[in-house]
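Student: what's the 3D shape of this:
(one chain, ligands or ions: 1)
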Amino acid sequence: MTLDLAGIGIGPFNLSLAALADNVTGLDVAFFDRKPNFTWHPGLAFEDSEMQTSYLKDMVTPVQPTSSWSFLNYLVVQGRFYDFMAARFDTVSRREFTDYMAWVAESLGTCTFATSIQEVDHDGNRFTLKTDSGQTIRATSIAVGTGPVPRIPADAPLGQNCYHGIEYLNRKADMRGKRVVVVGGGQTGAEIVLDLLSEHPGPDELTWLSRRDAFWHLQEGSLVDQIFTPAYQRAYRQLPAEIQQHALANQKYSSDGLTPATADQVYRALYRQRYVNGHGQTSLRPGREVTHITPRYGAFELTATATDGQTEGLTADVVILATGFETTLPDCLSPLASRIDLQPGGALQLGDAYRVQWDGPDDAPIYGLNHGRQSHGIVDPQLSLTAWRSAVILEDLTNRHLFAALRGNQVGLVDWETMSGPVDIRISA
Ligand SMILES: Cc1cc2nc3c(=O)[nH]c(=O)nc-3n(C[C@H](O)[C@H](O)[C@H](O)COP(=O)(O)OP(=O)(O)OC[C@H]3O[C@@H](n4cnc5c(N)ncnc54)[C@H](O)[C@@H]3O)c2cc1C
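Tutor: I've put the predicted structure just below:
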């Protein structure tokens, strides 16, 4: 049997595609993930961590609010709707949103876990996907939703006491009496620092290093949110590449800063540690770039360069790298590597409808999810347009009009259309 679409990876992005495909008649799809069951960044699933996006931007609602796979339907099915509403949450916890996504994945019937896709090739007619159990899956199209990989500084001596933040809760050992350094001044670094500050007794010394020149907040609000809309994305796609680069740099803190709530919590914990409780020492050092981490006598020597060019040294028992993520060619696509266009950083080069540019036939699309930060804008790696992207992909795949939302009002309240060219403004006297 040949599937119409095989999805590799079941994170939120391919899960949305699976959820919306469920209502498309006559479409044979199957999605595979190597994890034993659905989880979402469990190493950072702190009890209090909150979503940075609205629960209405779930797997389906923005394009198909009548789908059974919405967050609101999950609340109803769980018998929790009124209790949830009465709580008047501004945002939901990442744990509850994970539970919602796990419910979708387990209920759908098209999501298979504990199955790693090892190799993907194309035999001239269709894709062949080899799994770790030796099975071969055949499909006319594939959706690559394998997610980004942790960004690790060159030569970092990874091991039991030096690891990426994505593993924090799985790896965290007893930190009492230790010297701990957290590298990276984004939201992940902040959540880890906050967790370490809440340990009593916790580390003897805690240092938080950030390359950024201050601990910058997220830029938020109705007008900032306009860049997370289909209207902005359409205008962004028309911009020349160098203007897109400039826009991405300008927009960094719309998605990559600290939430004000977490930043305030860190500051208050710091204040109490310094002036009220008096246990341990914490040092926040922005404007430092870590250049070397060297193992020495069971600990680590770190060298950091400050913005003024001065270098400083630090000793740590534990180093946690909250250094972000990067998008690269997934290993399983190696057999097709020479046929696929890549962006300079290694991400898949995307064209319209999230199609990966490759030399295969037009009726053998490879869809790239979470590879479009450069081509589709800063919204691509986050959840805001997840359902929208899934709808675009499904219409492209079936060549049918399936989602009225894609043809509704897409102009929005901000006029982006003139961004890409000179504006001819005439003022009459
Ligand atoms: C801690 C954290 C919190 C975030 N919170 C938000 C938020 O609140 N709002 C927001 O908009 N964005 C948020 N993001 C950003 C973004 O939404 C997430 O990174 C999201 O998980 C990306 O989804 P994805 O489907 O691309 O990848 P992932 O979630 O990384 O999923 C990829 C999946 O592919 C599987 N896989 C990989 N290779 C294979 C293979 N060869 N075979 C089978 N399976 C494979 C992996 O096991 C994994 O399950 C957050 C990111 C992080 C790190």
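Student: now the helix or strand that residue 236 is a member of: average pLDDT?
Tutor: Residue 236 belongs to helix 230-237 when elements are defined using DSSP states H and E. Helix 230-237 shows a mean pLDDT of 94.
Student: before we move on, what about stretch 381-393?
Tutor: 97.
Student: does that stretch reach the ligand?
Tutor: Yes. Using Cβ under 6 Å from any ligand atom, stretch 381-393 comes into contact with the ligand via 381, 382, 383. The way it works is simple: take the backbone N, C-alpha and C, and place the C-beta from them, glycine included.
Student: I'd like to know how many residues surround the second one.
Tutor: Applying other Cβ atoms under 10 Å, we find 18 other residues in the vicinity of residue 382.
Student: how about residue 189, secondary structure?
Tutor: Per DSSP: H, G, I helix; E, B strand; the rest coil, the local secondary structure of residue 189 is helix.
Student: which residues in the stretch 101-250 of the chain form strands?
Tutor: 111-112, 117-122, 127-131, 136-139, 142-144, 149-150, 162-164, 179-183, 205-209 (DSSP state E, counting those that start in this stretch).
Student: mind checking which of those is nearest residue 71?
Tutor: strand 111-112 (17.5 Å; Cβ to Cβ).
Student: let me know the average pLDDT across the closest one.
Tutor: On average, strand 111-112 scores 98.
Student: give the pairing partners of that strand; include direction for each.
Tutor: strand 29-32 (parallel) (DSSP bridges).
Student: touching the partner strand from outside, list them.
Tutor: Residues from elsewhere that reach strand 29-32 (Cβ atoms under 8 Å, 6 or more residues apart in numbering): 3-10, 14-15, 17-18, 21, 110-113, 115-117, 129, 131, 137, 139, 143, 145.
Student: is any residue of the helix or strand following it near the ligand?
Tutor: Once strand 29-32 ends, the next helix or strand along the chain (criterion: DSSP H and E) is helix 71-77. No. Interface with the ligand: helix 71-77 contributes nothing (Cβ under 6 Å from any ligand atom), its closest point being 12.8 Å away.
Student: 13 is where my numbering starts, stick with that
Tutor: I'll keep to 13 as the first residue from here, and by that count the last item is helix 83-89.
Student: distance from helix 83-89 to the middle of the chain?
Tutor: Taking Cα atoms, centre = their mean, to the nearest Å, the mean C-alpha location of helix 83-89 is offset from the chain mean by 24 Å.
Student: same deal with stretch 404-412?
Tutor: Taking mean C-alpha positions (Cα atoms, centre = their mean), stretch 404-412 and its chain are 24 Å apart.
Student: kindly report the same for stretch 323-342.
Tutor: 18 Å.
Student: just to revisit the earlier point, so for residue 423, which of the strands of the stretch 113-262 of the chain sits nearest?
Tutor: strand 154-156 (28.9 Å).
Student: who's in contact with the closest one?
Tutor: With Cβ under 8 Å, 6+ apart, strand 154-156 has contacts from 17-21, 26, 29, 43, 132, 139, 141, 342, 345, 360, 368, 377-381, 383, 405.
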